[in-house]
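S.K.: sequence plus predicted model, see below.
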2 protein chains.
Amino acid sequence: MRLLKENLRKHITLSEEELDVICDYFEPRYIGKGEFLLSQGNICRYEGFVLEGCFRIYSLDDKGNENVLYFAVQDWWLIDIDSFMNNLPSSLNIQALENSKVLLISKSSKETLYRQLPIVERLFRIMSQKALVAWQRRLIRNHTLTAKERYNHFVQTYTNISSKITDRQIASYLGITHEFLSKIKKNSSQ
Amino acid sequence: MRLLKENLRKHITLSEEELDVICDYFEPRYIGKGEFLLSQGNICRYEGFVLEGCFRIYSLDDKGNENVLYFAVQDWWLIDIDSFMNNLPSSLNIQALENSKVLLISKSSKETLYRQLPIVERLFRIMSQKALVAWQRRLIRNHTLTAKERYNHFVQTYTNISSKITDRQIASYLGITHEFLSKIKKNSSQ
DNA sequence: CGCGACGTTGATTTGCCTCAACGATTGTGG
DNA sequence: CCACAATCGTTGAGGCAAATCAACGTCGCG
């Protein structure tokens, strides 16, 4: 819970009482390596916060190719917002890449929380807006940088993540093939 | 103002009084073709809502290449969130592509509005989350679709926009050169 | 009118993909 | 604990999508 509180305090000033109220709505859950918190076709009923472990959030295209949207390790959030907000079948998969521990809040709990503590609306507004900026930046990087530059940016920015996951996953995140990533690494290491 | 009210009502149920309060904080402004609502290096002090006209939001990389983040026509919003939220110098340019009319709300007005009418926090949370989903989808399209497929998706999805802007701008939005877009169009028209 | 931005086209290059093969590592069931 | 399968990372040959560079005619605008 301490980790969650610290995460929330990064975005907004909250009293200890408010933090306690918020945290009360979350429940811990363990997810084994390879298991899914969400798989496509189902409705995303929980928002998750990662305490330990590592996740990949990915979609599948028509040909069955996996496309990693992002990774989540400690201190990151797990959700398919579209599915969660609108009760739509998800097109995303959220899979644990190692044995993991998360805190979950259900959709109904979150709505109750919003009403009970209106400042939580503000909190999640701010979090969403920060996330939005990050996605915009990533799109610009995809347009302006080469695959090699994007790879270097990734390992520098997410050192803690890149040490946990396979090169295939990283390649998928970067939007390139794993063969080509291998050639990038060979090329840049000499 | 009617247009703004309709836009807000798409996301959340609001009474006529609430809508009036919100709208009172916005002031109209005309922006001539080629003029900037925001240029990089400056702080984004206003959030804008487009009533008429057309805008491009773009950044420049080191080599001076323009990179269009998105276009905004009637019913769209104009802002550099990062700069607006954190009072940072913007890395974005917001330029009118034709004579345009917008509604503006300043940062201080928006903060006042949040306090006066807490439901506005909810409103902008929901708007931000919807926008987030759109950016995620766009990134996936960039990874999975070819340039031609992305172009077709763009003209189908944004018919009203694509008729207003040059092919160079569209190419920049798609992340390709304008020469290549020209070849795509030639190729697909026969 | 003349200039600058535009769209087009072609020749050439390059970044990245596809397919195929290989050894190394990991995981799993007997 | 080992044998086997599966997945991984690597490498190479070849191909394709898209970039680069350059030239040209067109159009809107001062």
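M.R.: Great, that's in hand. Numbering: from 1, shown residues only, chains lettered A, B, ... in the order given.
S.K.: hey, let's count contacts and neighbours off CA atoms from now on
M.R.: Will do.
S.K.: so the longest helix anywhere in chain A versus helix B:119-144, what angle?
M.R.: Among all segments of chain A classified by DSSP state H, the helix with the greatest residue count is helix A:119-144. Relative orientation of helix A:119-144 with respect to helix B:119-144: 30 degrees, computed using axes from the mean of the first three to the mean of the last three C-alpha atoms, to 10 degrees.
S.K.: quick check: buried residues in helix A:119-144?
M.R.: When neighbours are counted by 16 or more other C-alpha atoms under 10 Å in any protein chain shown, the buried residues of helix A:119-144 are found to be A:119-130, A:132-133, A:135-136, A:138-144.
S.K.: flag the shaky bits of chain A, pLDDT-wise.
M.R.: Scanning chain A with the threshold set as pLDDT under 70 gives A:189-190.
S.K.: re the thing from before, near chain B, from the buried residues of helix A:119-144?
M.R.: By C-alpha under 8 Å from any C-alpha of the partner chain, the members of these lying near chain B are A:121-122, A:124-126, A:128-130, A:132-133, A:135-136, A:139-140, A:143-144.
S.K.: looking at these, which is nearest B:Thr13?
M.R.: Taking C-alpha to C-alpha as the measure, A:Glu121 is the one of these closest to B:Thr13, at 15.7 Å.
S.K.: would you mind confirming that that closest one makes contact with B:Phe124?
M.R.: No. With contacts defined as C-alpha atoms under 8 Å, A:Glu121 does not count as touching B:Phe124, sitting 9.1 Å away.
S.K.: what does chain A have sitting close to DNA strand C?
M.R.: Within chain A, the positions near DNA strand C by C-alpha under 7 Å from any atom of the strand are A:146-148, A:175-177, A:179-181.
S.K.: all the strands of chain A, residue numbers only.
M.R.: Under the criterion DSSP state E, chain A contains strands at A:27-31, A:36-38, A:46-52, A:54-60, A:66-73, A:77-78, A:93-96, A:100-106.
S.K.: how about the residue of chain A found nearest DNA strand C: what's its closest non-neighbour residue?
M.R.: When distances are taken as C-alpha to the nearest atom of the strand, chain A approaches DNA strand C most closely through A:Ile176, which lies 3.2 Å from it. Counting by C-alpha to C-alpha, 6 or more residues apart in numbering or on different chains, A:Ile176 lies nearest to A:Ala147, which is 7.3 Å off, once chain neighbours are set aside.
S.K.: rewinding a little: tell me how far the residue of chain A closest to DNA strand C lies from A:His153.
M.R.: Plainly put, A:Ile176 is 15 Å away from A:His153 if you go by C-alpha to C-alpha, to the nearest Å.
S.K.: over to A:Arg125?
M.R.: A:Arg125 sits at a distance of 27 Å from A:His153 (criterion: C-alpha to C-alpha).
S.K.: where does chain A come near DNA strand D, residue by residue?
M.R.: A:165-168, A:178-183, A:185-186.
S.K.: hmm, the residue nearest to A:Ile176 is touching A:Leu174, no?
M.R.: Yes. In this structure, A:Ala147 is within contact of A:Leu174 by C-alpha under 8 Å, at 7.2 Å.
S.K.: may I see the buried residues of stretch A:82-94?
M.R.: Counting neighbours by 16+ other C-alpha under 10 Å, one finds that the buried residues in stretch A:82-94 are A:82-84, A:89-94.
S.K.: now, which of those residues lie close to chain B?
M.R.: The subset of the buried residues of stretch A:82-94 within reach of chain B, counting by C-alpha under 8 Å from any C-alpha, consists of A:Asp82.
S.K.: neighbours of A:Arg56, how many?
M.R.: The tally of other residues near A:Arg56 (other C-alpha atoms under 10 Å in any protein chain shown) stands at 22.
S.K.: got the contact list for it?
M.R.: For A:Arg56, the set of contacting residues under the criterion of C-alpha atoms under 8 Å, 6 or more residues apart in numbering or on different chains consists of A:68-72, A:93-97.
S.K.: before we move on, back to that, more neighbours: which of A:Ala147 and A:Leu174?
M.R.: Each of A:Ala147 and A:Leu174 had its neighbours counted (other C-alpha under 10 Å), and the higher figure belongs to A:Leu174 (23 against 18).
S.K.: distance of the more buried one from B:Glu16?
M.R.: With distances taken as C-alpha to C-alpha, A:Leu174 is found 47 Å from B:Glu16.
S.K.: if we can go back for a sec, got a markdown table for the buried residues of stretch A:82-94, with distance to A:Arg45 too?
M.R.: Formatted as a markdown table, those follow (distance: C-alpha to C-alpha, whole Å):
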| residue | distance to A:Arg45 |
| --- | --- |
| A:Asp82 | 11 |
| A:Ser83 | 8 |
| A:Phe84 | 6 |
| A:Pro89 | 10 |
| A:Ser90 | 10 |
| A:Ser91 | 14 |
| A:Leu92 | 13 |
| A:Asn93 | 13 |
| A:Ile94 | 12 |
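S.K.: and which of the buried residues of stretch A:82-94 is nearest B:Lys5?
M.R.: Proximity of the buried residues of stretch A:82-94 to B:Lys5 was ranked by C-alpha to C-alpha; the top entry is A:Asp82 with 23.5 Å.
S.K.: the closest one touches B:Val133, doesn't it?
M.R.: Yes. With the criterion set as C-alpha under 8 Å, A:Asp82 and B:Val133 qualify as a contacting pair; they are 6.3 Å apart.
S.K.: what sits against A:Leu181?
M.R.: Counting by C-alpha under 8 Å, 6+ apart, A:Leu181 touches A:148, A:167, A:171.
S.K.: and the residue of chain A closest to chain B?
M.R.: Nearest residue of chain A to chain B, counting by C-alpha to the nearest C-alpha: A:Arg125, 4.0 Å away.
S.K.: wait, isn't that residue in contact with B:Val120?
M.R.: No. Using C-alpha under 8 Å, A:Arg125 is not in contact with B:Val120, being 10.1 Å away.
S.K.: and stretch A:87-98, how far out from the chain's middle?
M.R.: If you compare the mean C-alpha spot of stretch A:87-98 with that of the full chain, they lie 10 Å apart, counting by C-alpha atoms, centre = their mean, to the nearest Å.
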